[in-house]
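Enquirer: okay, here's the prediction I keep looking at, along with the sequence it came from:
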Amino acid sequence: MIKFGTGGWRAIIGDEFTKENIQILAKAVANKMIAEDVQDKGIVLGYDRRFLSKEAMQWAGCVFARNGIRASLINKSCPTPLVMFYVMKHDLPYGMMITASHNPAIYNGIKLFTRGGRDADEVQTLDVEKYIEKVSTPVESMDYDDAVSMGLIKEFYPINEYMDNILNRIDVEAIKKAGLRVALDPMYGVSETAIKTILLTARCEMETIHGRHDTLFGGKLPAPSEALMSPLKTCVLDWHCDIGIATDGDADRIGVVDDTGRYLSPNDILVLLYYYLVKYRHETGPAVRNLCTTHMLDKIAASYGQKCYEVPVGFKHISAKITETDALIGGESSGGLTVRGHINGKDGVYAAALLVEMLAVTGMKISQIYDEIQKEFGEFYMLENNYSFKASRKPELIKTLITDKLTPEFPCEIDHVSYMDGCKVYFKNGGWVSARFSGTEPLLRVFCEMPNLAMAEDICARYREFLQL
């Protein structure tokens, strides 16, 4: 059972993430490429630091080679956005990254990218799943060394062109003059080489924690969430850093600690960068966010004569809307964002470089810029709650929320309700609450943003009581 979710295929190592399944998926993609007559273009594959990631990349590469498709294998662990960049830059039809992103260490998986370096959308992944159903086992493969000697597998490490692209898009000279000190937490993942090289080139001082290779990620999730940022907060305060930056396991998501040691949520980061781009860089363009991401973006966009577009959860929807609208920035509350002109997907490395540039160009502390935004646009309070339930209750809950369209009694007036992705209620005071089901676990994810924290807590509690979760 190989099924794609919002972030690719992920499975527990040794359970569903096995050599056989990896070969089946590679064979399905190979067959799809042959059917589309793009096999001569080849495919690029990369891997992160997870257990079996390198071996999985090689297993997949040998299947492509057996089918006459040249596989370019990145021979060192690398950020996911590097693979996306390479697909885009070299106009490849497909790319694959062996990673389970920010999932626990017992997971691994594969992300699939399509032309332009975009996350494979639902149409593409459903098509791949149809090809998977037709794959016969055992899958025919090829000896790795034979494939290399025949030129069907090429090992290389294209990180320089990726980093150069970022350096060409940031104000390196301004950063050099600022003399900034940056704390970095790769969370035992793959961002250190790229971020340190870029920021050291711009003459930043760097303090790094959790940089070594550890397939268990120090016994914690490789996710830059507030609960896991205490070591970075300590590093920022102890070393008097201007900013602390953390990335998830494959470096496509980012977390930030400001100069005061305060954790900034992905919503805060997205707002900060959009505000910086339109006010200080004088760039123009709409913003794109998913339905669980702050509406503060809408306020900033409107104040600069722009629109903010709302899409379902899943970065592929953000990428598609950015392409459609030529948006300046797009992001989600889970920590992924992209900025126009770089790649068509999430990149924690580029986001880190832009945040450092923001400090250099404005000459302000990140806490001061954050306070400036709140003074101009007001404060917002976001809560996220995951409510678990027995899997057998899911049909009942779907009937209540989606089919019967029932909601709790709310303390404020409703403006309208959307069922684009789950159930989202928009209030006339500018607040909102969204309830949607996890695609992988028996969880109801409830996001709420209101003018004050007490109101947000009350509305989430009403949802929990209403559904008896």
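Expert: Nice, thanks for sending it over.
Enquirer: hmm, who's touching the host helix or strand of C448?
Expert: Element membership for C448, per DSSP states H and E: strand 443-450. For strand 443-450, contacts defined as C-beta atoms under 8 Å, 6 or more residues apart in numbering pick out 292, 294-295, 333, 380-389, 397, 427, 429, 431-438, 456, 459-460, 463-464, 467, 469. Just so you know, the C-beta spots here come from the backbone N, C-alpha and C atoms, and that holds for glycine as well.
Enquirer: check which residues of the very next helix or strand once past it are buried.
Expert: Counting by DSSP H and E, the next helix or strand C-terminal to strand 443-450 is helix 453-467. By neighbour count with 16 or more other C-beta atoms under 10 Å, helix 453-467 contains the buried residues 455-456, 459-460, 462-463, 467.
Enquirer: then stretch 420-430?
Expert: 421-427, 430.
Enquirer: and stretch 250-269, by the same measure?
Expert: So, applying 16+ other C-beta under 10 Å, buried residues of stretch 250-269: 250-259, 261-269.
Enquirer: so how far does it reach from one end to the other?
Expert: The first and final residues of stretch 250-269 sit 19 Å from each other (C-alpha to C-alpha, to the nearest Å).
Enquirer: swap in stretch 242-252?
Expert: 22 Å.
Enquirer: taking the mean pLDDT, what do you get for it?
Expert: The pLDDT scores in stretch 242-252 average 96.
Enquirer: just stretch 426-433 next, same as before
Expert: Mean predicted confidence for stretch 426-433 is 94.
Enquirer: got a list of contacts for that stretch?
Expert: Counting by C-beta under 8 Å, 6+ apart, 295, 410, 412-418, 424-425, 446-451, 455-456, 459-460, 463 sit against stretch 426-433.
Enquirer: burial count for the closest residue to V361 other than its chain neighbours?
Expert: Nearest non-adjacent residue to V361, counting by C-beta to C-beta, 6 or more residues apart in numbering: A174, 5.2 Å away. Neighbourhood size, A174 [other C-beta atoms under 10 Å]: 17.
Enquirer: okay, and A174 sits in which element?
Expert: helix 172-178.
Enquirer: from the chain's centroid, how far away is that helix?
Expert: With C-alpha atoms, centre = their mean, to the nearest Å as the basis, helix 172-178 stands 28 Å off its chain's centre.
Enquirer: then stretch 400-419?
Expert: That offset, for stretch 400-419, works out to 29 Å (C-alpha atoms, centre = their mean).
Enquirer: and the contacts of that stretch?
Expert: 291, 422-429, 431, 433, 435, 455, 458-459, 462-463, 465-467.
Enquirer: buried ones in that stretch?
Expert: Those would be 400-401, 407-408, 410, 412, for stretch 400-419 by 16+ other C-beta under 10 Å.
Enquirer: which one of the residues you listed sits closest to N21?
Expert: Nearest to N21 among the buried residues of stretch 400-419 is L401, at 33.4 Å by C-beta to C-beta.
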